[in-house]
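[1] Sequence and computational prediction follow.
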Amino acid sequence: MKSMYTLATAAAALMAMSSAQAEDMTIVSWGGAYSASQQAAYHDPYMKLNPDVNIINDESSNEAVAKMRAMAEAGNITWDVVDVVAADAIRLCDEGLAIEIDPDKDLAPAPDGTPASEDFGELLVSPCYIPQIVYSTTFGYRTDVAEWGGKEPEDLCAVFDTETFPGKRSLEKRPINNVEWALLCDGVAPDKIYDVLSTDAGVEQALAKLATIRDDVIWWSAGAETPQRLADGEAVIGSTYNGRLFSVIEEQKQPVKMLWDWQVFDLDGWIVPAGLPEDRLKRAMDYIYFATDTQRLADQAKYISYGPARKSSAPLVGKHAELGIEMAPHMPTDPNNAKNTLLYNYEWWADNRDDLDAKFQAWLAQ
Amino acid sequence: MSNAQASDAGVISADGVPLKVSLARALRRQKIRALMLIAPLLIFVVISFIAPIADMLFRSVENSIVPDTLPKTVVALQEWDPASNEAPGEAIYAAMHADLVIAAEQKIHTRVGQRLNYEAPGVSSLFRKTGRRVDRMEPGNYKEQFLAIDKDWGNVEIWRTIHRFSGNYTSGYFLSAADAELTPDGIELVPENERIYLTLFVRTLVLSFTITLTCALLGYPIAFLLSNLPMRTSNMLLILVLLPFWTSLLVRTSSWIVLLQQQGVINDLLVSIGILDDQNRLELMYNQIGTIIAMTHILLPFMILPLYSVMKTISPSYVRAAKSLGANDWTAFWKIYFPNSIPGIGAGAILVFILSIGYYITPELVGGTSGIFISNRIAYHISSSLNWGLAAALGVILLALILVFYWLYDKIVGIDNVSLG
């Protein structure tokens, strides 16, 4: 009986403690170097300005959509701000799991007074979404492959040219990006890609092109796999996020180079879950206002090679905080890197993702 | 007299109540007390385990989102003949307009769009687009206005999909999970280039059998050694068995990647001692071999431990008796020792088989394309495509398969023959 009583007091004490720390704010992101860059550029300065707020990092962005749906069904939203890619943001907005944002009211204008809606421009792909960075999915290749006889890949189609550039390729285990690249190298004009893909014959064509290198492909499902394979020599050329390749090349000094040709731009940014209580919602919006202003977005680029989503941030991008190298040339948006680019077509993929994924997985399993 | 009375009312206890009744009452009291003792556990299991699973499984047939969001359209569509090759008339478009105005206000039109998009690609953006403009429509002439927003509103296929999935319950998820679909001509298999789940179910079963078999083949000698060595040495060896068991699953899987990849330790070693040519390195992973090797290693303790605990109880005097009666080493083992150890094999096999049938992290990392399991697709539909209905249907089928195998096992081996020692 006595131990029961102690237990009950302990539980009451715990509950009292958690309500005393009501200023905890849970921010969900991807973990690793990416979360570290957000900690340095956003969280730490914000907590300095607001000493009563304590930011807790949760590394669940990978399954954020599923978890948010489960939280909404359970009626217990434990997250305050969530970092997701644009496709997930669109899904969350469609499901009513994220709140809509009014960019001009909820976000800071640029230093010269340009309203946020113009500063972000066309990158505001969903009414619930505040983009932070532009990243790209692109290729890296090893520079020391003996069989290549001193040649180096110059364009995307080198990926499909196993005669000149033999060796294993590392590609993502999903159709997105791969089918676009396959069609580009099969002679389809860039602006016709989604028209072609909308037909059964177009999907066949893309898969047939991918089939030409199928025996040389190792598929990846986590972004860290390609950098690892390139570093081990397990693959000679492979696709991944440009920030991952930056760290292989500049931080780990591996003999790897970037092949920026036809990189696919995508966005990463914030959403605020629907159904937050008033006080938490206010704090989340206050954080968003701070963390997405021009200077903060430019600051993040000091720690990781992703381009800020605001136009006004670009001129403020400086040197890497530790390596001391200029970051601008490593940004996917740098004019030298962005000669040929594709912008992820959110609308088309929102419609066709499930269908094409079924076909792609069936093709893989054959 | 008293004898007749006793036979009429049965034996009577001291307080005048028939003994049977009083006994039953006492037993009932005991039963209730026992039930109260386990009640916390029972409630816990029901709330935290059985109810969520039942809820999840129920999603495999649940479809109320369509009739709830589009109630008028669903009723109006009863009048329409899906076999006709014409889009429905004005009345149905008017009903759709009335439903969408309410849905768009509550911002739920996109949810039903997403639900129907699983069945017909394109519905998602159609609903999103229409929801934005539906409150600006003029009254009357709705068909024309819908078609002005998107000509897909005139597509018979879209209306057929809405018609087909307008009930509160659907078999659609289960059909998809079996690579089939409901067409106007009845149930048909989907086109060959979209079939995947049947292949994956078969592969999951075949690979799980193989893994169980390799675990048994590798685990049996180890367990035999463990149970027949002196305590000191066997304890040392047991720690070696348990050590990987305590190590993180991801760490063990990653170490297999380091060992097995083409530029990995095993290939490097074989090349350096000249068995392999540098150009012809073995492909030991990103295929079924990789999955089998890594999963056999990871699940091996689940085979060794039950085997060990059963073998510990086999008295050495049985084998000695057999030998003293003239059996040679092999006969004594095969006729006496092995039959006694079968309950351990049974327990280990069930554990390994059921665990491996639901595995997905290891196959995802080392399985490439030919070594992945059905669980990988379930995980994909839960966390990525958000098609929880399909994930639930796949889960139900997997659960049913396990129960069938359990039943078969009971028939063939007998579940009483399973022992954990």
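    Perfect, thanks for sending it. Numbering: from 1, shown residues only, chains lettered A, B, ... in the order given.
[2] what about residue B:224, helix or strand, and which?
    Per DSSP states H and E: residue B:224 is located in helix B:197-228.
[3] List the buried residues for the very next helix or strand once past that helix?
    Moving toward the C-terminus from helix B:197-228, the next helix or strand (DSSP H and E) is helix B:231-246. Buried positions in helix B:231-246, judged by neighbour count with 16 or more other Cβ atoms under 10 Å in any protein chain shown: B:234, B:237-238, B:241. No exception for glycine: its C-beta is placed from N, CA and C like everyone else's.
[4] Outside of helix B:231-246 itself, which residues are in contact with it?
    Applying Cβ atoms under 8 Å, 6 or more residues apart in numbering or on different chains, the contact partners of helix B:231-246 are B:222, B:225-229, B:252, B:297-298, B:300-301, B:304-305, B:308.
[5] just stretch A:38-52 next, same as before
    By Cβ under 8 Å, 6+ apart, the residues outside stretch A:38-52 that reach it are A:23, A:27, A:29, A:53-55, A:57, A:83, A:286-287, A:290-291, A:296, A:299-300, A:302-303, A:321.
[6] count of neighbours near the closest residue to residue A:83 other than its chain neighbours?
    Using Cβ to Cβ, 6 or more residues apart in numbering or on different chains and skipping the chain neighbours, the partner closest in space to residue A:83 is residue A:29 (4.1 Å). Neighbour count for residue A:29, taken as other Cβ atoms under 10 Å in any protein chain shown: 25.
[7] Now do the same contact list for residue A:29.
    Residues near residue A:29 by Cβ under 8 Å, 6+ apart: A:35, A:38, A:57-59, A:61, A:83.
[8] from these, which is closest to residue B:379?
    Closest approach to residue B:379 among the contacts of residue A:29 (Cβ to Cβ): residue A:61, at 16.2 Å.
[9] how much space is there between the closest residue to that closest one other than its chain neighbours and chain B?
    When the adjacent residues along the chain are set aside, residue A:61 lies closest to residue A:30, with 4.6 Å between them (Cβ to Cβ, 6+ apart). Using Cβ to the nearest Cβ, to the nearest Å, residue A:30 is found at 14 Å from chain B.
[10] ok, now which ones touch the residue in chain B positioned nearest to chain A?
    Nearest residue of chain B to chain A (Cβ to the nearest Cβ) works out as residue B:110 at 3.6 Å. The contact partners of residue B:110, taken as Cβ under 8 Å, 6+ apart, are A:93-96, B:124, B:127-128, B:131.
[11] Tell me which two in these are the farthest apart.
    Applying Cβ to Cβ across the contacts of residue B:110, the maximum distance is between A:96 and B:124, 14.0 Å.
[12] who has more neighbours, these two?
    The neighbour comparison of residue A:96 against residue B:124 (other Cβ under 10 Å) goes to residue B:124, with 27 against 18.
[13] returning to that earlier point: give me the pLDDT for the residue nearest to residue A:83.
    As predicted, residue A:29 sits at a pLDDT of 93.
[14] Would you mind measuring from it to residue A:323?
    Distance of residue A:29 to residue A:323, given as Cβ to Cβ, to the nearest Å: 22 Å.
[15] for residue B:31, same thing?
    Distance, residue B:31 to residue A:323, by Cβ to Cβ: 73 Å.
[16] Ok, residue B:282 next?
    Distance of residue B:282 to residue A:323, given as Cβ to Cβ: 39 Å.
[17] Low-confidence ranges, chain B, go.
    Within chain B, the segments meeting pLDDT under 70 span B:1-10, B:419-421.
[18] How is the chain divided into domains?
    All of this is about chain A. Annotated domains of chain A cover A:20-128+A:272-330, A:138-266+A:338-365 [automatic domain parsing].
[19] try chain B instead
    B:2-58, B:65-169, B:197-417.
[20] So what's the residue count around residue 297?
    If you meant another chain, say so; for now it's chain A. Neighbour number of residue A:297 under other Cβ under 10 Å is 27.
[21] my bad, the chain I had in mind was chain B
    Counted with other Cβ under 10 Å, residue B:297 comes out at 19.
[22] just residue A:154 next, same as before
    Counted with other Cβ under 10 Å, residue A:154 comes out at 9.
[23] Identify the residues contacting residue A:219.
    By Cβ under 8 Å, 6+ apart, the contact set of residue A:219 is A:170-173, A:364, B:286, B:368-369.
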